[in-house]
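J.: need a 3D model of the sequence below.
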Amino acid sequence: MNIVKITPEIAVSEQISPADLADLAAAGYRVVINNRPDGEAPGQPSSAEFAAAAEQHGLTYIYYPVTGMNFPGPDLRQLAGAFDSAEGPVLAFCRSGTRSINLWLATRSAEELPAALQRARGLGYDLSMVGQR
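T.: So this is what the prediction gives:
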C-alpha cells in the first residue's frame, strides 16, 4: 500500500486489496472509500469483496465509483460527509490515488479549497479533474 496523508484525518492510496483492510483497521482507519468502478481492470477486487472484508474488520465501507466521464459522481454531499466522517480517519482509493484526491477537493468548501489545493499540488497529483483554480 502506498498511503499518502492529505490531512491527519484523510489519506488516499492507489489500489489496495481486501487483505489490506486488516492493516488499515490496525493503523486506526475507520472509513474506506472505494472510487474504482467494478471491472475497471482485469483482476481488480470487486466492491463486494471489499465490503465483506471491511465488515470483518469493523470498517465503514463506502463504494463511490467514478471515472473521468462521470466525475464528480452523483452525490458530492454524501461523499463530503464520508470524507468528514466523525468515525475516524478515512482512506480513499482508486487506481492511482488521483481520482480520490480530486474527489476530496471537489467536496471542500469555498473557504477550505485554497489550502486544500495547495496541499494537493504539493503532493504532486494531477488536479485536472477538479481544476487547478
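
J.: residues in contact with stretch 68-86?
T.: For stretch 68-86, contacts defined as Cβ atoms under 8 Å, 6 or more residues apart in numbering pick out 10, 30-31, 33, 60, 62, 64-66, 90, 92, 99, 102-104, 106-108, 129-130. The C-beta positions use only the backbone N, C-alpha and C, and glycine is treated the same way.

J.: narrow those to those in strands?
T.: Among the contacts of stretch 68-86, the members found in strands (DSSP state E) are Ile10, Val31, Ile33, Thr60, Ile62, Val90, Ala92.

J.: ok, and what's touching stretch 96-111?
T.: When contacts are defined by Cβ under 8 Å, 6+ apart, stretch 96-111 is touched by residues 2, 4, 6, 10, 12-14, 33, 35-36, 64, 66-67, 71-73, 76, 79-80, 83-84, 92-94, 113, 116-117, 120, 123, 125-127, 129-130.

J.: buried subset of those residues?
T.: Neighbour counting with 16 or more other Cβ atoms under 10 Å marks 4, 6, 10, 12-13, 33, 35-36, 64, 66, 72-73, 79-80, 83, 92-94, 116-117, 120, 125, 127, 129-130 as buried within these.

J.: before we move on, back to that, which ones among the contacts of stretch 96-111 lie within strands?
T.: Residues from the contacts of stretch 96-111 lying in strands, with DSSP E as the criterion: Val4, Ile10, Val12, Ser13, Ile33, Ala92, Phe93.
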